[in-house]
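J.: Dropping the sequence and predicted coords here.
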Number of protein chains: 2
Amino acid sequence: MARVNKTRYALLGILAHSPMNAYEVKKSIEQSIGFFWQESFGQIYPILKQLEKEGCLKSFKEKKGSGSETTIYKITSKGKKELKDWLEKPVEKSPYRNELLLKLYFGDHVQKEVLIKHLQDTREEVIRLMGIYENIRKFVEELGESKAPTTLSLITLDFGITTTKSFLEWAETSQNKIKNSNF
Amino acid sequence: MARVNKTRYALLGILAHSPMNAYEVKKSIEQSIGFFWQESFGQIYPILKQLEKEGCLKSFKEKKGSGSETTIYKITSKGKKELKDWLEKPVEKSPYRNELLLKLYFGDHVQKEVLIKHLQDTREEVIRLMGIYENIRKFVEELGESKAPTTLSLITLDFGITTTKSFLEWAETSQNKIKNSNF
DNA sequence: CGTGTCATGTAATCAGTTACATGATTCA
DNA sequence: TGAATCATGTAACTGATTACATGACACG
């Protein structure tokens, strides 16, 4: 299960949209795919350099208004091919770990209230996320009507919304089941 | 986000149910919490030893019918306390990565058929999982009526079932959206 | 007798986060 | 002037998988 490095593809994918510096790549990831994909600077900087060495990216210095320079990365045709080849490969399944479920499963060692609290906290957290998703959804919908990239980003966003909804239903039901159980 | 080692708690939780050897711990994890939590031997063996050194587990040799010995681990009262303390702590959120969504988000670089295929493959994979969940559910339901540990394992199982169902709906809808989009 | 499962471990490797370090620019 | 953000990196650490190695026992 999933040993290969996929950070490179996330970076290529982001840079395929538009050239930018490492710092902006991080921001861009957070704002677009952040709810299902994260990258840290400790990965981004070295891997961008490595991708350039491989010829997948080309960097150049750009002067910002006030003298200071920044390193902009631009995807090359080789980089685009690399990205496309990966996109066409089957999705590898990656390990999935859920700490809430682990605590619930072993929950007979604690008071019921503890488990109900864990479920409640998680509900509140995902409700917060749900709000963010729906705001982004509105924003994207208004922005570009029926454009393909818009369609795809809405699809990923809808994944977040639907799984969140089903999580909330499950969590509420589970809280009630625990309340009514005898332990 | 999530830097602490939780393998120890998974092992303690499993051994809190009944004493067993490392090999059986692995099997037991696979059969009970396997769909949301995995552990490899490379983690299990060293961490069991470490837990014993800390006094959370006590090991003893047991002779199997045919002369050979095996090392059985049993949880101690200190181990139970360690588990309970962790169970009471708030659930830490861990990084979530979804490769299918990543490929969909960058999907405008490939043919629509590729994305539809990825969704189809994943649907088939989760349908297979769904079958397993529902079989376990039947089995657990028949086994123990209204026992607390049963309630809790059914709750975790229902998480699998409900999220799988909502995934399937989303995936089908998304396939249609992609079919009808212009790219 | 050979294959599969039981059983126990270690070493190499890797992906990834976090902390640390540094400095420029912006803006209240 | 001081805080926030922009910007670029490296080092340490760690969690985890995978591969490797070994051997007993079961069973057809």
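T.: Nice, thanks for sending it over. Numbers count the residues shown, from 1 in each chain, chains lettered A, B, ... in the order given.

J.: all helices for chain A, in order.
T.: Remark: helices assigned in chain A by DSSP state H are A:7-17, A:22-32, A:41-53, A:77-88, A:99-105, A:112-143, A:148-179.

J.: Dump those helices into a markdown table; add distance to B:Ser94 and mean neighbour count as well.
T.: In this view, the C-beta of every residue, glycine as well, is placed from N, C-alpha and C. Shown next, in a markdown table, are the helices of chain A (distance: least, CB to CB, whole Å; neighbours: other CB atoms under 10 Å in any protein chain shown):
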| stretch | distance to B:Ser94 | mean neighbour count |
| --- | --- | --- |
| helix A:7-17 | 17 | 22 |
| helix A:22-32 | 17 | 16 |
| helix A:41-53 | 17 | 15 |
| helix A:77-88 | 25 | 17 |
| helix A:99-105 | 6 | 22 |
| helix A:112-143 | 12 | 14 |
| helix A:148-179 | 15 | 18 |
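
J.: Is stretch A:109-116 positioned near chain B?
T.: Yes: interface with chain B: stretch A:109-116 contributes A:109-110, A:114-115 (CB under 8 Å from any CB of the partner chain).

J.: ugh, typo on my part, it should be stretch A:174-183
T.: Yes: Stretch A:174-183 is in contact with chain B by CB under 8 Å from any CB, via A:174, A:177-178, A:181-183.

J.: which of those lies closest to DNA strand D?
T.: Distance to DNA strand D, by CB to the nearest atom of the strand, is smallest for A:Ser174 among those, at 24.1 Å.

J.: rewinding a little: quick check: the farthest pair among the residues of stretch A:174-183 next to chain B?
T.: In terms of CB to CB, the residues of stretch A:174-183 next to chain B reach their longest pairwise distance at A:Ser174 and A:Asn182, which sit 15.8 Å apart.

J.: What does the pLDDT read for the closest residue to DNA strand C within chain A?
T.: Closest approach between chain A and DNA strand C, counting by CB to the nearest atom of the strand: A:Gly42, at 2.4 Å. A:Gly42 carries a pLDDT value of 97.

J.: Could you do A:Arg3 as well?
T.: pLDDT, read off for A:Arg3, is 68.

J.: contacting residues for A:Leu115?
T.: Counting by CB atoms under 8 Å, 6 or more residues apart in numbering or on different chains, A:Leu115 touches A:103-104, A:107, A:178, B:152.

J.: For chain A, what lies in contact range of DNA strand D?
T.: By CB under 7 Å from any atom of the strand, the residues of chain A that approach DNA strand D are A:1-3, A:21-24, A:27, A:41-42, A:45-46, A:49, A:64, A:68, A:70-71, A:95, A:97.

J.: DNA strand C contacts on chain A?
T.: Listed as neighbours of DNA strand C in chain A under the rule CB under 7 Å from any atom of the strand: A:3-7, A:38-43, A:64-68.

J.: again, 10 Å this time
T.: Within chain A, the residues that sit near DNA strand C (CB under 10 Å from any atom of the strand) are A:2-8, A:10, A:23, A:37-47, A:63-70, A:94.

J.: How is chain A divided into domains?
T.: Domain assignment of chain A by automatic domain parsing yields the ranges A:7-88, A:99-179.

J.: Now do the end-to-end distance for the shortest one.
T.: This points to domain A:99-179. 21 Å (CA to CA, to the nearest Å).

J.: do the same with stretch A:99-112
T.: Stretch A:99-112 has an end-to-end distance of 17 Å (criterion: CA to CA).

J.: which residues are contacting it?
T.: Stretch A:99-112 has contacts (CB under 8 Å, 6+ apart) with A:114-115, A:118-119, A:122, A:174, A:178-179, A:181, A:183, B:2, B:6, B:9-10, B:13, B:16, B:32-33, B:36-37, B:80, B:83-84, B:87-88, B:91-94, B:148-149, B:152-153, B:155-156, B:159.

J.: redo that, cut-off 7 Å
T.: Contacts to stretch A:99-112, defined as CB atoms under 7 Å, 6 or more residues apart in numbering or on different chains, come from residues A:115, A:118, A:122, A:178-179, A:183, B:6, B:10, B:13, B:16, B:33, B:36-37, B:83-84, B:87-88, B:91-92, B:94, B:148-149, B:152-153, B:155-156, B:159.

J.: Distance of A:Leu152 relative to B:Leu119?
T.: Going from A:Leu152 to B:Leu119 by CB to CB, to the nearest Å gives 12 Å.

J.: er, A:Leu119 I mean
T.: For A:Leu119, the distance to B:Leu119 - CB to CB - is 30 Å.

J.: before we move on, what about A:Lys81?
T.: Counting by CB to CB, the gap from A:Lys81 to B:Leu119 is 24 Å.

J.: Then A:Gly67?
T.: 49 Å.

J.: in chain A, what spans have low per-residue confidence?
T.: A:1-3, A:65, A:144-149 (pLDDT under 70).
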